[in-house]
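Undergrad: Task: produce atomic coordinates for the following.
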Amino acid sequence: MGLVVESRLDNMEVKDVAIKLVDVYKIYRMGDGLEFRALNGISLEIGRGEYVAIMGPSGHGKTTLLNMIGLLDRPTRGKVFIDGVDTSKLDDEELSRFRNEKLGFVFQQYNLINRMTVLENIELPLVIRGIPRSERVRMVIDALEKIGGDRSWLYKRPTQLSGGQQQRVAIARAIVGDPDIILADEPTGNLDTASSRVIMETFQRLNEMGKTIVMVTHAHDIANCANRILLIRDGVIKGEIKPDRSKSIFNIV
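TA: Now for the predicted structure:
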């Protein structure tokens, strides 16, 4: 069983735990009968409103762990609780609806649909919920303004925007439905320093609004923007370190 890493928020109560993993394993069975343990008994808690970075070598379970938290995959063994809900008890339809309402996702490759406008990309989670068009447009504009976007982007295609602008559109899509938790997988991996700084400023503002953020990154200057850094190796949380804000991207000249 992996090391239990609990939140250090002062006086945290059970109701303040946003994410809880209990002895989570993810085992892939290969064609030759061998097993690969991507996660090897992870237990951890992340408090509501925390901003957590996950770091570790490539292939050691960072993205798999984020996928477990994001309910994009089910563990081979163990349980994932989101806002106190035991997600192992949800069927596929319930899980999809729960994920849509509770979680927002930001990916390294943006995952925007180029044949659709920015407006259409951002409103996708709302379309799935069945929210009327007029309400969707209002919510999209609100989300775009929150991340420092421009209304002039609304009817452009993603390919007409810079990489940094596309990532901000992806963040707007992640927050448009007002999820409690935002998950980001290498959100600055394809961006230059200036664009990365803008993205990290956006995450900081969202965290200040009360959003729980869990971010996978390989970059120390990005991880140092968080309030807590978890270290993963061989599918196990090996410990955590305190971020050094003086070495964050905000302080790179």
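Undergrad: part of a helix, is M139?
TA: Yes - M139: assigned to a helix according to DSSP: H, G, I helix; E, B strand; the rest coil.
Undergrad: and it, how many neighbours does it have?
TA: Close neighbours of M139, defined as other C-beta atoms under 10 Å, add up to 20. For glycine as for every other residue, the C-beta is placed from the backbone atoms N, C-alpha and C.
Undergrad: now the residue sitting furthest away from the middle of the chain: how far from L21?
TA: The C-alpha centroid of the chain is most remote from D32, which lies 33.4 Å away (C-alpha atoms, centre = their mean). Applying C-beta to C-beta, to the nearest Å, the value for D32 to L21 is 29 Å.
Undergrad: cool, and V127?
TA: Per C-beta to C-beta, V127 is found 31 Å from L21.
Undergrad: show me where pLDDT drops low in the stretch 51-200 of the chain?
TA: Judged against pLDDT under 70, the stretch 51-200 of the chain has no low-scoring part.
Undergrad: Swap in 90 and give it another go.
TA: Of all residues in the stretch 51-200 of the chain, those with pLDDT under 90 make up the ranges 59, 107-110, 128, 134, 147-148, 190.
Undergrad: Now do the strands in it.
TA: 51-55, 77-82, 85-86, 103-107, 181-185 (DSSP state E, counting those that start in this stretch).
Undergrad: Could you dump those strands into TSV and include distance to P243 and mean neighbour count?
TA: Putting the strands of the stretch 51-200 of the chain into TSV (distance: least, C-beta to C-beta, whole Å; neighbours: other C-beta atoms under 10 Å) gives the following:
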stretch	distance to P243	mean neighbour count
strand 51-55	7	24
strand 77-82	24	18
strand 85-86	29	13
strand 103-107	19	23
strand 181-185	16	23
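Undergrad: Quick one: closest of those strands to Q166.
TA: With distances scored as C-beta to C-beta, the stretch of these nearest to Q166 is strand 103-107 (11.0 Å).
Undergrad: neighbouring strands for that closest one, and are they parallel or not?
TA: Sheet pairing for strand 103-107, assigned by DSSP bridges, gives strand 181-185 (parallel).
Undergrad: Show me how far the partner strand is from its chain's centre.
TA: Between the centre of strand 181-185 and the centre of its chain there are 1 Å (C-alpha atoms, centre = their mean, to the nearest Å).
Undergrad: Kindly report the same for stretch 19-26.
TA: Worked out by C-alpha atoms, centre = their mean, stretch 19-26 lies 16 Å from the chain centre.
Undergrad: And I69, how close does it get to D23?
TA: 15 Å.
Undergrad: Give me the more crowded residue out of the two.
TA: Shown here are I69 and D23; by other C-beta under 10 Å, I69 has more neighbours (25 against 16).
Undergrad: check contacts around that one.
TA: In this structure, I69 makes contact with I19, L21, V80, I82, I181, L183, V214, judged by C-beta atoms under 8 Å, 6 or more residues apart in numbering.
Undergrad: Next one: it relative to G104, how far apart?
TA: 12 Å.
Undergrad: same question, T202
TA: For T202, the distance to G104 - C-beta to C-beta - is 12 Å.
Undergrad: Check G33 too.
TA: On the measure of C-beta to C-beta, G33 and G104 end up 39 Å apart.
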